[in-house]
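Trainee: prediction below, plus the sequence it came from.
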Amino acid sequence: MDQVYADGLFCDEVVLITGGGTGIGLVSATEMGLLGAKVAICGRRPEPLENAVAELESKGIEAFGAPCDIREPEVIVGFVDSVLARFGRVDVLINNAGGQFPTTAEALSPKGFAAVIRNNLIGTWSMTHAVANKAMIPQKRGRIINIIAQIIRGFPGMVHTGAARAGVDNMTKTLAVEWALHGIRVNAVAPGVIVTSGTKQYPPELLDTAEKANPLHRLGTAEEVSHLITYLASRYSDFVTGQTFYIDGGASLWGDQWFLPEDVPKFPPYPVPERG
């Protein structure tokens, strides 16, 4: 990875990253760790976390990892306590964990909708609440970066995560105002289609369509997203809060996200009754 920022930028700081065992989370952990941060990562599966911690330590990064299901508030509290016991503080929280699956709205069950809301919205809130109250509010300083998605024009094909990410987007704005008095900056990053291990679950034709529809005619990389996250996690962004940054090659501005069939019902205008 190319180094963009100054050596020691995160010296003596502790960065907590959910979903830190793979993808954007691991790339971000690596970038900030190489800039001096102590890194705590969590995820649901132990094996990727163990591999990630070993990889980080092989690069000279002080790292801690433990399983944590963000759907369970009690488990979150235990994980945050473990991080504080190990490092004594949390300066940066990156809410990167989440999950979804492509589906049409009519095929999505109430259970499937609720599961994604519980993970992507409620889980993000539960982790944020725990870290803020246990670490950032007492120390009167902190930076929170919520990783959401490109939702500005809706999210056809993933109504569950679109609703959840929109909730996090609003939560970002709300907390930025409420917690400014505690010295906490809260921002969000909204990636478009990014090539990571997670994109393997999607049909190749979906990724091909996304690439062709993108104004830059390519997909993003985890490294590009990590550079933006690192900026928002750093002291360079201390005058930035409550913002959502789209990193999507312009996809939020142009390009079909959902192809409509030709037989869309064309309802005539509702007739306005004549007045006597």
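Mentor: Structure's in. What do you need? Residues are numbered from 1 along each chain as shown.

Trainee: so where is the chain shaky, pLDDT-wise?
Mentor: Counting by pLDDT under 70, the chain has low-confidence residues at 276.

Trainee: what about the longest strand in it?
Mentor: Determined from DSSP state E, the single longest strand within the chain is strand 184-191.

Trainee: helix or strand next in line after that one, which one?
Mentor: Downstream of strand 184-191, the first helix or strand assigned by DSSP states H and E is strand 194-195.

Trainee: same for that following strand, what does it pack against?
Mentor: Taking 3 or more C-beta pairs under 8 Å, 6 or more residues apart in numbering; DSSP states H and E as contact, the helices and strands that strand 194-195 lies on are strand 220-221, helix 222-233. Bear in mind the C-beta positions are built from the backbone N, C-alpha and C, glycine included.

Trainee: adjacent strands (with direction) for that strand?
Mentor: strand 220-221 (parallel) (DSSP bridges).

Trainee: centre of the chain to the partner strand, how far?
Mentor: 14 Å (C-alpha atoms, centre = their mean, to the nearest Å).

Trainee: max-length helix in the chain?
Mentor: For the chain, the helix with the greatest residue count under DSSP state H is helix 159-178.

Trainee: buried ones in the strand or helix carrying A54?
Mentor: Here A54 sits within helix 46-58, counting by DSSP H and E. In terms of neighbour count (16 or more other C-beta atoms under 10 Å), helix 46-58 has its buried residues at P48, L49, A52, V53, L56.

Trainee: who touches the closest residue to G123 other than its chain neighbours in this structure?
Mentor: Leaving aside its chain neighbours, G123 sits nearest to I70 (3.4 Å; criterion: C-beta to C-beta, 6 or more residues apart in numbering). By C-beta atoms under 8 Å, 6 or more residues apart in numbering, I70 lies in contact with T18, C42, I76, A97, N119, G123, T124, S126, M127.

Trainee: geometric centre of the protein: which residue is closest?
Mentor: Centroid-nearest residue in the chain: I147, 1.7 Å away (criterion: C-alpha atoms, centre = their mean).

Trainee: who's that residue bridged to?
Mentor: Per DSSP bridges, residues listed as beta-bridge partners of I147: V189.

Trainee: on that earlier part again, name the residues that touch the next helix or strand after the helix holding A54?
Mentor: The helix or strand immediately downstream of helix 46-58 is strand 63-67, counting by DSSP H and E. Counting by C-beta under 8 Å, 6+ apart, strand 63-67 makes contact with 20-21, 29, 33, 38-46, 49-50, 52-53, 56-57, 79, 82-83, 86-87, all of which sit outside it.

Trainee: give me the buried subset of these.
Mentor: Neighbour-count burial (16+ other C-beta under 10 Å) applied to the contacts of strand 63-67 gives 20-21, 29, 33, 38-44, 49, 52-53, 56, 79, 83, 87.

Trainee: can you give me the strands for this protein?
Mentor: Under DSSP E, the chain gives strands at 14-18, 38-43, 63-67, 92-95, 142-147, 184-191, 194-195, 220-221, 244-247.

Trainee: redo those as TSV? Include distance to G167.
Mentor: Formatted as TSV, the strands of the chain follow (distance: least, C-beta to C-beta, whole Å):
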stretch	distance to G167
strand 14-18	16
strand 38-43	21
strand 63-67	25
strand 92-95	12
strand 142-147	10
strand 184-191	11
strand 194-195	21
strand 220-221	23
strand 244-247	13
